[in-house]
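Student: With the sequence up front, the predicted model follows.
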Amino acid sequence: MSTAPVLLVIAHGSRDPRHAATVHALTRRARALRAGLRVETAFLDFNAPRVEQVLAALHGDGVRDVVALPLLLTRAFHAKADVPAVLSESTARLPGLSVRVADVLGPSPLLTAALERRLAEAGLTPADRATTGVVLAAAGSTDPEAIAVIAEIAREWRHTGWCAVRPAFASAALPSTEDAVRALRAEGVRRVAVAPYVIAPGRLPDRIAAGAAAAGADVLAEVLGPAPELARLLLTRYDESRATAVPLALTA
């Protein structure tokens, strides 16, 4: 029997059934990459099972060591407040349970590789880079740290050969996807591609798609979903957490 901590992947959740289906597909892929590792999935809202339910079930199974991984791309409100709160409440009720909280997924070269994969699947080739501007379309946040991270990812990605890379947001921040596409057009960019920097389908990714269509983007990539690079990143964050994170049970 494995003594490795259980990996608990915590997604936000959505009323859109595509969201949970995509999250489960991603965690299945991560599980397949690491034989013997127990990987569980939980949601903060809208979907079952909820985080507290999964932790209680694990505790009932005799599990005492868990790595909780927020399925989030930036350290915004959910990472800073919601996830720590629900984990702290659960560990307070479950004697002996140790929960280490892994870092959020982004930024990471693996995420950039997943974005590149989705653009290639949408039809772009290496020869298209010099004449293609990319809109890096994130969900958006009121947290300035999260917005700054998206802007920095766009700046770094630009150095890989795209003629331009601009950040955009589906909510809470500007510019919108539509405005970013139109700005690139106004600058004379011949081809504009929109790369959703989101994990699973839902209301905000649909808004990104609508903005891309309204502005006449030439290419719209799929969401990151269960990309193999993303599955590898889950395990990378898990391993990093085991090496560095302090369990909640020791800091309460």
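Tutor: Cool, the structure landed.

Student: immediately after the strand or helix carrying Pro167, which helix or strand?
Tutor: Per DSSP states H and E: Pro167 is located in strand 164-169. Using DSSP H and E, the helix or strand that follows strand 164-169 towards the C-terminus is helix 177-186.

Student: Which elements pack onto that following helix?
Tutor: Other elements packing on helix 177-186 under the criterion 3 or more CB pairs under 8 Å, 6 or more residues apart in numbering; DSSP states H and E are strand 132-138, strand 164-169, strand 191-197, helix 203-214. The way it works is simple: take the backbone N, C-alpha and C, and place the C-beta from them, glycine included.

Student: Could I get the full set of strands for the chain?
Tutor: Along the chain, the segments classed as strands by DSSP state E run 6-11, 39-43, 65-70, 98-101, 132-138, 164-169, 191-197, 219-220.

Student: quick one, which of the ones you listed is packed in tightest?
Tutor: strand 132-138 (a mean of 28; mean count of other CB atoms under 10 Å).

Student: could you dump the strands of the chain to TSV with distance to Arg117 and mean pLDDT?
Tutor: Listed next are the strands of the chain as TSV, based on distance: least, CB to CB, whole Å; pLDDT from 0 to 100:
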stretch	distance to Arg117	mean pLDDT
strand 6-11	20	98
strand 39-43	22	98
strand 65-70	21	97
strand 98-101	28	95
strand 132-138	14	98
strand 164-169	16	98
strand 191-197	10	98
strand 219-220	14	98
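
Student: In CSV: the ones you listed, plus distance to Asp239.
Tutor: Formatted as CSV, the strands of the chain follow (distance: least, CB to CB, whole Å):
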stretch, distance to Asp239
strand 6-11, 10
strand 39-43, 13
strand 65-70, 9
strand 98-101, 11
strand 132-138, 26
strand 164-169, 29
strand 191-197, 24
strand 219-220, 34
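
Student: Indicate which one of the ones you listed is closest to Ala56.
Tutor: strand 39-43 (10.7 Å; CB to CB).

Student: Need the residues that contact the closest one.
Tutor: The contact list for strand 39-43, computed with CB atoms under 8 Å, 6 or more residues apart in numbering, reads 6-13, 20, 23-24, 27, 30-31, 49-51, 53-55, 58.

Student: Could you do stretch 67-85 as well?
Tutor: Contacts for stretch 67-85 (CB under 8 Å, 6+ apart): 5-12, 23, 26, 44, 51, 87, 99-102, 104-106, 111, 138-139, 141-143, 145-146, 149-150, 197-199, 234, 237-238, 241-242, 245, 248.
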